[in-house]
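Participant: quick one: sequence plus predicted model below, questions after.
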Amino acid sequence: MTVLSRRELITATLLQRESIGEQYHVLTFDVPKGIAAEPGQFTMLRGAEWGEAPLLPRPMSYLTAGTTPSVLIKVAGEGTIRMARSTPGEPFTLLGPLGNTWRPPAQGRRPVLVAGGVGIAPLLFFARRLHETGIRPLAIYGGRTTRDLPLDDELSEIADVTLATEDGSRGHHGRVTDVLAKMLSEDALVYTCGPDRMMAKIAELCAERDVPCEVSLETPMACGYGVCLGCPVPTTDAGYIYACTQGPCIDARRVAWGKGEHAPHKRPEPKRIAP
Amino acid sequence: MTVLSRRELITATLLQRESIGEQYHVLTFDVPKGIAAEPGQFTMLRGAEWGEAPLLPRPMSYLTAGTTPSVLIKVAGEGTIRMARSTPGEPFTLLGPLGNTWRPPAQGRRPVLVAGGVGIAPLLFFARRLHETGIRPLAIYGGRTTRDLPLDDELSEIADVTLATEDGSRGHHGRVTDVLAKMLSEDALVYTCGPDRMMAKIAELCAERDVPCEVSLETPMACGYGVCLGCPVPTTDAGYIYACTQGPCIDARRVAWGKGEHAPHKRPEPKRIAP
Amino acid sequence: MTDQAVSVGSLTLKNPILTASGCFGYGLEYDDFYDVATLGGICTKGLSLHPRLGNAPERICETPAGMLNAIGLANVGVEVFCAEKLPKLRARGVTVIANIFASSVEDFVAIAERLDAESGVAAIELNVSCPNVKEGGIEFGKDPLMSARVTEAVRKATRIPLWVKMSPEAGDIAAVAKACEAAGADAVTAINTIRGLSIDSELRRARLANSTGGLSGPALRPIALRIVWELAGKVSIPIIGIGGIFTARDAIEFLLAGATAVQVGTANFSDPAAAKKIADGVREYCETRGLAAKDLIGIARP
Amino acid sequence: MTDQAVSVGSLTLKNPILTASGCFGYGLEYDDFYDVATLGGICTKGLSLHPRLGNAPERICETPAGMLNAIGLANVGVEVFCAEKLPKLRARGVTVIANIFASSVEDFVAIAERLDAESGVAAIELNVSCPNVKEGGIEFGKDPLMSARVTEAVRKATRIPLWVKMSPEAGDIAAVAKACEAAGADAVTAINTIRGLSIDSELRRARLANSTGGLSGPALRPIALRIVWELAGKVSIPIIGIGGIFTARDAIEFLLAGATAVQVGTANFSDPAAAKKIADGVREYCETRGLAAKDLIGIARP
Ligand SMILES: Cc1cc2nc3c(=O)[nH]c(=O)nc-3n(C[C@H](O)[C@H](O)[C@H](O)COP(=O)(O)OP(=O)(O)OC[C@H]3O[C@@H](n4cnc5c(N)ncnc54)[C@H](O)[C@@H]3O)c2cc1C
Ligand SMILES: Cc1cc2nc3c(=O)[nH]c(=O)nc-3n(C[C@H](O)[C@H](O)[C@H](O)COP(=O)(O)OP(=O)(O)OC[C@H]3O[C@@H](n4cnc5c(N)ncnc54)[C@H](O)[C@@H]3O)c2cc1C
Ligand SMILES: Cc1cc2nc3c(=O)[nH]c(=O)nc-3n(C[C@H](O)[C@H](O)[C@H](O)COP(=O)(O)O)c2cc1C
Ligand SMILES: Cc1cc2nc3c(=O)[nH]c(=O)nc-3n(C[C@H](O)[C@H](O)[C@H](O)COP(=O)(O)O)c2cc1C
Ligand code: FES
Ligand code: FES
């Protein structure tokens, strides 16, 4: 874990919005003095002119840092819809850098990055950092269909990537977990970010083969810096860790997968209704 | 009173925003099938993407109608600030045409239009309509300073205009009411729109000389079409008229000026505080 | 084609979407917009025994995701309503719920008797929860005994189905609802507005002439939804949900929470056709899932 | 330079801006942002006799111009607070208001006695209005007698000034406030959250694991302001206003309505320095008008 730099709320204008289909958009901001964010960290992002609704800032992983920090957003609801519609020059507030960083790669272990959809953001940032230090990681990147693989080219440049789509429209026909199951070796060090079910399965695979696995947690957040206590994630010691300050990056073995309901899509299926 | 055309809620994109200083902006919308609004009528205007706040649409007088209807807005608060920042292509909802129209000019009476600041909007629209029918009205147009006389050139083209500014930076040094007091003749028919205090004074002047006077009322509105009962204006018969459906244009003699507090700026001065 | 009909006691509504009292006039102001008869029903502006002028301006102001109103129950009175408004509504085939208000039990009864003499009133909604009048109103609605007294008296005075509108300011809303159920109410409407205040920091005074006003709009929605959720577990008569419903999704949330039908209020102000659009949206939601509207009622409950 | 100091009973605050319990951690999370000692004071996260883990996720969700929370009073417990947090706060010269919670009068007393043994606690704020716990909490706060009993018992147990935090869900909030005043409270804090609910129409279930949660944020502001306005006419002890304060203008509205000081809660989430900015804004407002902060208190009242 690197020493974290001072957290700050800055107002920055949008430099550009790069749309990758309708669902995915890269927002790049103008921050002359720079943001010293590390891979794995996130920012609480909000339109400075949103008024009183939507009220809360949205947690977004840094895709890049420095004087032109960027995030990759996937449209989910009101907040990301507004981000997807934003135009250059529009002011945003960015609170950050928040949370901890990916653990540094261990000697003698090959980093394997497993990304699901928008989960690519903190992992691509990490891969670039590894690239700078001369490490070329393995990567498995999957989504429902081709459209759900934004920034795959960027990843391929600096990692040995296997793509996977559930509909087979691109790369391996199936899930990233199938791919990982086949190629996971004892000397791997897995980093993963994506839907909870995916991360849970990957955590399981790694546990079976006793391979260290680091996950990036996703849970609703109000403050992002440790004061609202709104982001607990159940842990195996029957307690909670708070994703914004003790996470988002954490050893997969500490997470009580399935317990609690810390990600909307993680929740059990709705009860059947008599037609 | 002309027969009013069908009221409708339409979603239209902003064609252009013409800013006249920071305070005043003309918003023009793209409405292929056209809006058959008459001078004096208004629309309830709201950004289609404002979300849940600000909640209510804002009443705005039509400056022009047809396939490119427009309004002249003066920045007051959150809603008009957003309108002032809006960019072409942005979608708005327009409910209208609402309210009644200016009474038609009477035979043998010279129309005199008295406008205060943004009150110019419904009167310029009216002057243009008069122009089409070959009538060139007198007009008195005033504001605090030069900056508060948007669209004065447009008005001058089709009316004999006397300008007035309270700081003397343009035209007559003083108020429109001073000018009117000097030039008001028995055969006049006064139409006025502006701050309540101004309209009240003009109503008084006209009453003294027994000159008919039509005012356009300004009051907060929630619906604009007669169902919320939020827009009452006290009348001389100790009752109320509802500005959105029985107004905004009304014979000045019916209004119980000073009674009630139907315009924010009309309210008594705040109580003095012990320093 | 999914079945959108829902039953509120003996009354069957075409669909679960109604319009809220005071936010839809007398239902005769919509000819330009759509056929109001397509709705589940409309609630009239609150009717009193005699006409009321209402409060002095300003009566309304905006608040975050909501608005305050202190209209003061301006209305034409039950007599004029029966003579001039009701016949037109009848002719158009509109399902009419007459929302009534009084500051005494006797007057409540008198209004109900007058309405009972008419045909075409599908239900009477007792407004015992108006926050904007000096007497009656909310004081009735906060007290289970008083609410029950009004309900019981009106119940005796008419065969028309009775709905009682709950005040969110009651300390124990469930107790009020239960008392009304016991007193013969056919349904409870939840909720009326909560009193709020807005101050102009420049003029240093309350924005409304009445100082306080009732809060409505999306800001109120989570509170209203919670109250519907609570009442659904406490009373066995149908609950009509209301509070900040602006979209079909909002309406569905109320049905899932246990409401049998919902009312759309403030949303009509920004879009006169809001209620119709919401009704269409609920139908779509049901169609895509092969459900009838009544299948939605309460299924989000544990 | 205007005088921003205000007195809450025997306690004088540097300025009228405090931070709200549960929205500011323990006041030790702000080193990166600003010097918390410049505020009028901070209210700690609600302290219980023993540490509490809090509710299962999800604990929060957003609503129109607001949010719901059901944290369940997760906190380190009064012992750890006194041992690890308070000394640091003391060292920084922060004005500390200890917000405490218990499900029995005895536990309230025990926590107060523990705090009484420490120096550097400027006031104790009794949370008798937490909507998110099974026992105690709101049940105390809705009942004047229970609130008075808690207040009286704690009053006897400590010489530290006592504030009691009002529940907006009490049927007669003024009665609760008066009872607490009579029982020895030095001030009342108004208000705590109002319970709300949000439902996911796709998953067809409540969004929060606890189903209901407390509504906070701008949506709540008009209601909170109205309650402060009402209480100012009923009690003679100071009122601490709270609810949806996001800007200096909002804070000023509460002072004009009769609050002696205000607390900033949810606003801290979107901007950690919100309270400081609000304090600066209130100072500016006073400077441009040549007023002291205390001159603002209640001047919007008729
Ligand atoms: C540490 C972290 C990093 C993230 N990084 C990214 C990223 O790089 N790119 C990206 O597209 N998304 C990312 N997310 C998820 C993103 O925060 C949500 O998709 C977003 O908040 C949804 O907001 P909305 O207004 O569009 O959706 P709405 O459903 O309208 O949001 C309503 C409320 O729920 C919260 N919420 C809804 N879904 C989620 C979710 N999945 N996770 C957390 N909060 C949620 C919102 O923040 C908001 O408070 C990250 C989440 C976390 C916790
Ligand atoms: C019939 C009519 C025609 C109008 N025509 C124009 C026009 O052509 N150009 C123009 O600039 N303005 C016009 N106004 C005034 C305009 O509606 C307000 O300035 C505007 O609503 C302010 O909104 P806001 O959000 O900027 O201010 P805010 O103070 O944030 O508004 C808060 C609430 O108060 C209401 N409100 C505040 N001030 C006024 C006011 N003076 N009149 C009515 N409602 C108010 C708003 O509609 C909103 O509901 C007209 C008003 C009426 C009634
Ligand atoms: C302007 C206005 C007038 C209202 N008048 C009445 C009324 O006369 N009788 C009544 O029972 N409720 C009245 N209400 C309350 C509404 O019927 C409804 O209970 C409340 O507004 C919440 O719903 P909403 O958020 O959808 O508006 C009124 C509300 C508003 C905004
Ligand atoms: C996440 C969260 C946690 C809270 N925890 C407490 C608490 O522990 N004790 C308490 O008295 N109030 C608590 N509150 C209520 C706030 O102190 C405050 O009364 C309420 O949020 C309204 O103010 P606001 O709108 O400025 O947030 C909490 C509020 C929030 C949003
Ligand atoms: S988001 Fe507030 S504590 Fe984690
Ligand atoms: S604005 Fe609604 S009745 Fe006039």
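Facilitator: Okay, I see it. Ligands and ions are numbered 1, 2, ... in the order given.
Participant: residues in contact with the residue of chain C found nearest ligand 1?
Facilitator: Per C-beta to the nearest ligand atom, C:Arg249 is where chain C lies closest to ligand 1, at 11.5 Å. Heads up, the C-betas are built off the backbone N, CA and C, glycines and all. For C:Arg249, the contacting residues are C:281, D:201, by C-beta atoms under 8 Å, 6 or more residues apart in numbering or on different chains.
Participant: name the element it belongs to?
Facilitator: helix C:248-257 (DSSP states H and E).
Participant: just how off-centre is that helix within its chain?
Facilitator: The chain centroid and the centroid of helix C:248-257 are separated by 16 Å under C-alpha atoms, centre = their mean, to the nearest Å.
Participant: now do stretch A:65-73
Facilitator: Distance, stretch centre to chain centre, for stretch A:65-73: 13 Å (C-alpha atoms, centre = their mean).
Participant: what do you get for stretch A:24-35?
Facilitator: Centroid separation for stretch A:24-35 versus its chain: 17 Å, with C-alpha atoms, centre = their mean.
Participant: grab the nearest non-local neighbour of C:Ala300.
Facilitator: Closest residue to C:Ala300 apart from its sequence neighbours, by C-beta to C-beta, 6 or more residues apart in numbering or on different chains: C:Leu256 at 3.7 Å.
Participant: how many neighbouring residues does residue 246 have?
Facilitator: No chain specified, so I'll use chain A. Around A:Gln246 sit 19 other residues, with neighbours defined as other C-beta atoms under 10 Å in any protein chain shown.
Participant: my question was about chain C
Facilitator: 24.
Participant: backbone phi and psi for it, please?
Facilitator: Dihedral pair for C:Phe246: phi -120, psi -20, per degrees, to the nearest 10.
Participant: same check on A:Gly66?
Facilitator: Given degrees, to the nearest 10, the pair of backbone angles that A:Gly66 has is phi 80, psi -150.
Participant: that one contacts A:Ile35, doesn't it?
Facilitator: Yes: contact criterion C-beta atoms under 8 Å: A:Gly66 and A:Ile35 qualify, at 6.8 Å.
Participant: which one of these two has more residues nearby?
Facilitator: More crowded of A:Gly66 and A:Ile35, by other C-beta under 10 Å: A:Ile35, with 22 against 12.
Participant: surely the more buried one touches A:Pro97?
Facilitator: Yes: counting by C-beta under 8 Å, A:Pro97 is a contact partner of A:Ile35 at 6.3 Å.
Participant: who touches both of these two?
Facilitator: Both A:Ile35 and A:Pro97 are in contact with A:43, A:62, A:65, where contact means C-beta under 8 Å, 6+ apart.
Participant: which of those tops the neighbour count?
Facilitator: Most neighbours among the shared contacts of A:Ile35 and A:Pro97, by other C-beta under 10 Å: A:Thr43, with 29 neighbours.
Participant: pretty sure that one is in a strand, no?
Facilitator: Yes: according to DSSP: H, G, I helix; E, B strand; the rest coil, A:Thr43 belongs to a strand.
Participant: list the contacts for it?
Facilitator: Here A:Thr43 is in contact with A:35, A:37, A:59-60, A:62, A:69, A:71, A:94-98, A:224 (criterion: C-beta under 8 Å, 6+ apart).
Participant: near chain D, which residues of the stretch 101-250 of chain A?
Facilitator: Applying C-beta under 8 Å from any C-beta of the partner chain, we find that the stretch 101-250 of chain A lies next to chain D at A:219-234, A:239-240.
Participant: please, a PyMOL command that selects the buried ones among these?
Facilitator: Paste this into PyMOL to select the buried members of those, with burial taken from 16 or more other C-beta atoms under 10 Å in any protein chain shown:
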select buried, chain A and resi 219+220+221+222+223+224+225+226+227+228+229+230+231+232+233+234+240
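Participant: out of the residues of the stretch 101-250 of chain A next to chain D, which are inside helices?
Facilitator: Using DSSP state H, no member of these sits in helices.
Participant: what strand or helix carries the closest residue to A:Trp50 other than its chain neighbours?
Facilitator: Distances taken as C-beta to C-beta, 6+ apart place A:Arg82 nearest to A:Trp50, at 6.8 Å, with adjacent residues excluded. Element membership for A:Arg82, per DSSP H and E: helix A:78-85.
Participant: rounded mean pLDDT for that helix, please.
Facilitator: The predicted model assigns helix A:78-85 a mean pLDDT of 94.
Participant: which helices and strands does that helix pack with?
Facilitator: Packing partners of helix A:78-85 (3 or more C-beta pairs under 8 Å, 6 or more residues apart in numbering or on different chains; DSSP states H and E): strand A:24-30, strand A:42-47, strand A:58-61, strand A:70-74.
Participant: mind running it again at 10 Å?
Facilitator: Packing contacts for helix A:78-85, counted by 3 or more C-beta pairs under 10 Å, 6 or more residues apart in numbering or on different chains; DSSP states H and E, involve strand A:8-20, strand A:24-30, strand A:42-47, strand A:58-61, strand A:70-74.
Participant: returning to that earlier point: name every strand pairing with the following helix or strand past the helix holding C:Arg249 and say which way it goes.
Facilitator: Sequence order places strand C:261-264 as the next helix or strand after helix C:248-257, per DSSP H and E. Here strand C:261-264 has these sheet partners by DSSP bridges: strand C:17-19 (parallel), strand C:239-242 (parallel).
Participant: is the longest one anywhere near ligand 3?
Facilitator: Same thing as strand C:239-242. Yes: using C-beta under 6 Å from any ligand atom, we find that strand C:239-242 touches ligand 3 at C:Ile242.
Participant: that older thread, so how many other residues sit close to the residue nearest to A:Trp50?
Facilitator: 19.
Participant: hang on, isn't it packed against A:Ala48?
Facilitator: No: A:Arg82 is beyond contact range of A:Ala48, at 11.6 Å (criterion: C-beta atoms under 10 Å).
Participant: residues that sit against both of the two, list them.
Facilitator: The contact sets of A:Arg82 and A:Ala48 overlap at A:Glu90 (C-beta atoms under 10 Å, 6 or more residues apart in numbering or on different chains).
Participant: picking up where we left off before, and of the strands paired with strand C:261-264, who's closest to C:Asp271?
Facilitator: In terms of C-beta to C-beta, the element of the strands paired with strand C:261-264 nearest to C:Asp271 is strand C:17-19, at 12.1 Å.
Participant: mind listing the strands the next helix or strand after that closest one pairs with, and their directions?
Facilitator: Using DSSP H and E, the helix or strand that follows strand C:17-19 towards the C-terminus is strand C:41-43. Sheet pairing of strand C:41-43 (DSSP bridges) gives strand C:17-19 (parallel), strand C:96-100 (parallel).
Participant: now render the ones you listed as a markdown table, adding mean neighbour count, mean pLDDT and distance to D:Leu203.
Facilitator: A markdown table is the format used below for the strands paired with strand C:41-43 (neighbours: other C-beta atoms under 10 Å in any protein chain shown; pLDDT from 0 to 100; distance: least, C-beta to C-beta, whole Å):
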| stretch | mean neighbour count | mean pLDDT | distance to D:Leu203 |
| --- | --- | --- | --- |
| strand C:17-19 | 29 | 98 | 23 |
| strand C:96-100 | 28 | 98 | 32 |
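Participant: thanks a lot, catch you later.
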